[in-house]
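> sequence-free structure coming up:
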């Protein structure tokens, strides 16, 4: 929703590209910083209550800045390293299965944020589509991400997580190379849709098996201890 509204912000609020990036990135920073915390709290105090509280906060809260997020991240790491029962044991990063999978997920979603940030403006500013038309034309990537995620988890069992995740990363890189070689104001939508399918499949093949690998790298006793 935020990304689709970016062109309207430019027209009505005269926002610069830097300001648009802050609009998108501030949301992502806060989301990333609080996801783990409130996920743990929901395990302890109930998911329904935390969901309702989250909806109330989202309705009235403003977004935090990058500096505040960096400070909170540093404080979180220091606290977790000293805690007897940390919410996230940062020593897990020494496990290559955990850290490599985390890196793959991070790269995947960085590319997703960049893709959505640019494609919504391309569709509305360059092609002249409205917000609803833009959303509809983004459906190929959404559908292919879902298909790639389902296929990725199944293929990882047969072919191995490394191969599937690597294939997904290569597909995403190929997508950006294809776009760079063909982008124009008159490019047929059919080609754009095909490019989005390639990207969505790559994202699905990467994120789903990598996420499963992250969870598999966490010892079972650690998981049970966090839930209690």
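Okay, I see it. Small disclaimer: the values here were computed from a predicted structure and weren't measured.
> for this structure, just list every one of the helices.
6-13, 17-45, 47-60, 66-82, 96-121, 131-137, 139-159, 161-182, 189-217, 220-227 (DSSP state H).
> just name the most buried of those helices.
helix 189-217 (a mean of 21; mean count of other C-beta atoms under 10 Å). No exception for glycine: its C-beta is placed from N, CA and C like everyone else's.
> run the chain-centre distance for that helix.
11 Å (C-alpha atoms, centre = their mean, to the nearest Å).
> helices or strands up against that helix?
The contact analysis (3 or more C-beta pairs under 8 Å, 6 or more residues apart in numbering; DSSP states H and E) places helix 189-217 against helix 96-121, helix 131-137, helix 139-159, helix 161-182.
> compare the helices of the chain and give me the one nearest residue 90.
helix 66-82 (5.5 Å; C-beta to C-beta).
> centroid residue for this structure?
Centroid-nearest residue in the chain, with C-alpha atoms, centre = their mean: residue 109, separated by 3.6 Å.
> now do the same for it: its pLDDT.
pLDDT for residue 109: 88.
> ok, it - contacts?
residue 207 (C-beta atoms under 8 Å, 6 or more residues apart in numbering).
> against residue 210, how distant is it?
11 Å (C-beta to C-beta, to the nearest Å).
> low-confidence ranges in this protein?
Low-confidence segments of the chain (pLDDT under 70): 1-5, 33, 36, 54-55, 57-62, 64-67, 69, 219-228.
> quick check: domain ranges of it?
The chain breaks down by automatic domain parsing into domains covering 1-88, 89-228.
> returning to what we had before: among the helices and strands packed on helix 189-217, which is nearest residue 84?
Here helix 96-121 is closest among the helices and strands packed on helix 189-217 (C-beta to C-beta), at 21.0 Å.
> quick one, the closest one and helix 139-159 angle?
Counting by axes from the mean of the first three to the mean of the last three C-alpha atoms, to 10 degrees, helix 96-121 points 160 degrees away from the direction of helix 139-159.
> any chance of the helices of the chain in JSON lines, plus distance to residue 88?
JSON lines is the format used below for the helices of the chain (distance: least, C-beta to C-beta, whole Å):
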{"stretch": "helix 6-13", "distance to residue 88": "32"}
{"stretch": "helix 17-45", "distance to residue 88": "6"}
{"stretch": "helix 47-60", "distance to residue 88": "18"}
{"stretch": "helix 66-82", "distance to residue 88": "6"}
{"stretch": "helix 96-121", "distance to residue 88": "11"}
{"stretch": "helix 131-137", "distance to residue 88": "35"}
{"stretch": "helix 139-159", "distance to residue 88": "23"}
{"stretch": "helix 161-182", "distance to residue 88": "21"}
{"stretch": "helix 189-217", "distance to residue 88": "11"}
{"stretch": "helix 220-227", "distance to residue 88": "9"}
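> list the contacts of residue 176.
Taking C-beta under 8 Å, 6+ apart, one finds residue 111 in contact with residue 176.
> and it, how far is that from residue 204?
16 Å.
> what's the answer for residue 11, then?
34 Å.
> roughly how far out does stretch 21-30 sit from the chain middle?
12 Å.
> what does stretch 19-26 give?
Worked out by C-alpha atoms, centre = their mean, stretch 19-26 lies 15 Å from the chain centre.
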